[in-house]
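Participant: sequence first, then the predicted structure:
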Amino acid sequence: MKIAIACSAAALAVGVAIAGPAASAVANSVTSHDVADRGTPTPEDFTDPDQSMIDESIVDLDPGIDDLDKGIEDLESTEVSGDSTVVTLDTDILFDFDSAELSDAAKKKIADLVKDLPTDSEITVGGHTDSKGEDDYNKKLSEDRAEAVAEVLTAENKDLDVTAKGYGESEPVAANEKGGEDDPEGRAKNRRVEIRYNG
């Protein structure tokens with residue numbers, strides 16, 4: 001009987017040696033220090049972090065991420081010819097595609113232009129589109145956009161004499177096509193709102 005027990009114990013020992021330690025035995029042998037040495041966070045890292053851990057986790061934003069108001073500062077260009085002044089506003093910055101609704105940032109920038117506008121001269125706000133789409137649609141869109149800009153100007157200074165007009169695609173400042181092909185750069189220049197006044 002003793003021999004049988006000894007053989008069984010030996011066989012068991014051989015079986016353990018061949019199979020290796022059980023997975024649970026290995027898992028139980030790994031300590032939190034072993035995990036920390038590998039740089040892997042443990043549950044303790046998230047339960048009660050100290051201020052230094054929080055500070056280390058804060059990273060600067062990628063400098064490639066654009067500011068939401070990017071381009072608003074470059075909203076307009078001004079051209080003076082004799083007594084006549086034309087302020088050209090980029091509608092791609094002012095409005096979403098096919099929209100005549102101004103963003104809050106665009107309204108603020110347009111409002112900033114009021115201080116430069118004369119109260120003793122008629123001011124014309126003209127809307128313009130590119131050649132994409134039907135003529136009637138483009139004319140209506142250009143009118144709506146001109147009126148949106150005019151409303152901001154008069155809301156800021158009720159003494160201004162402002163008239164809004166929509167010209168659609170009838171007065172391009174650049175070619176909508178080149179060599180029979182679509183010219184996106186030219187069309188972008190044509191999508192604009194102009195503020196014209198004398199003085």
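Facilitator: Now that the structure is in, tell me what you want to look at. Numbering: from 1, shown residues only.
Participant: and Asp182, what are its bridge partners?
Facilitator: Counting by DSSP bridges, Asp182 is bridged to Glu177.
Participant: do you know how far it is from Ser142?
Facilitator: 20 Å (C-beta to C-beta, to the nearest Å). For the C-beta atoms, the positions are set from N, CA and C on the backbone; glycine is no exception.
Participant: one more: Asp120?
Facilitator: 27 Å.
Participant: again with Ala175
Facilitator: 18 Å.
Participant: so between these two, which is more surrounded?
Facilitator: For Ala175 versus Ser142, neighbours defined as other C-beta atoms under 10 Å are more numerous around Ser142 (27 against 14).
Participant: now do the helices in this structure.
Facilitator: 2-19, 23-29, 32-37, 43-47, 51-57, 91-94, 104-113, 135-156, 184-190 (DSSP state H).
Participant: so this protein: which segments form each domain?
Facilitator: 2-57, 72-198 (automatic domain parsing).
Participant: JSON lines for the ones you listed, including mean pLDDT?
Facilitator: Below are the domains of the chain laid out as JSON lines (pLDDT from 0 to 100):
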{"stretch": "domain 2-57", "mean pLDDT": "55"}
{"stretch": "domain 72-198", "mean pLDDT": "94"}
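Participant: winner for burial among these?
Facilitator: domain 72-198 (a mean of 16; mean count of other C-beta atoms under 10 Å).
Participant: does Asp130 touch Ala174 like I think?
Facilitator: No: using C-beta atoms under 8 Å, Asp130 is not in contact with Ala174, being 9.1 Å away.
Participant: shared neighbours, the two?
Facilitator: 186-187, 190 (C-beta atoms under 8 Å, 6 or more residues apart in numbering).
Participant: ok, Asp161 to Pro118 distance?
Facilitator: 9 Å.
Participant: same question, Leu89
Facilitator: Distance from Leu89 to Pro118, by C-beta to C-beta: 18 Å.
Participant: residues in contact with the closest residue to Gly168 other than its chain neighbours?
Facilitator: In space, and not counting its chain neighbours, Gly168 is closest to Lys139: 3.6 Å by C-beta to C-beta, 6 or more residues apart in numbering. Neighbouring residues of Lys139 by C-beta under 8 Å, 6+ apart: 129, 166-168, 170.
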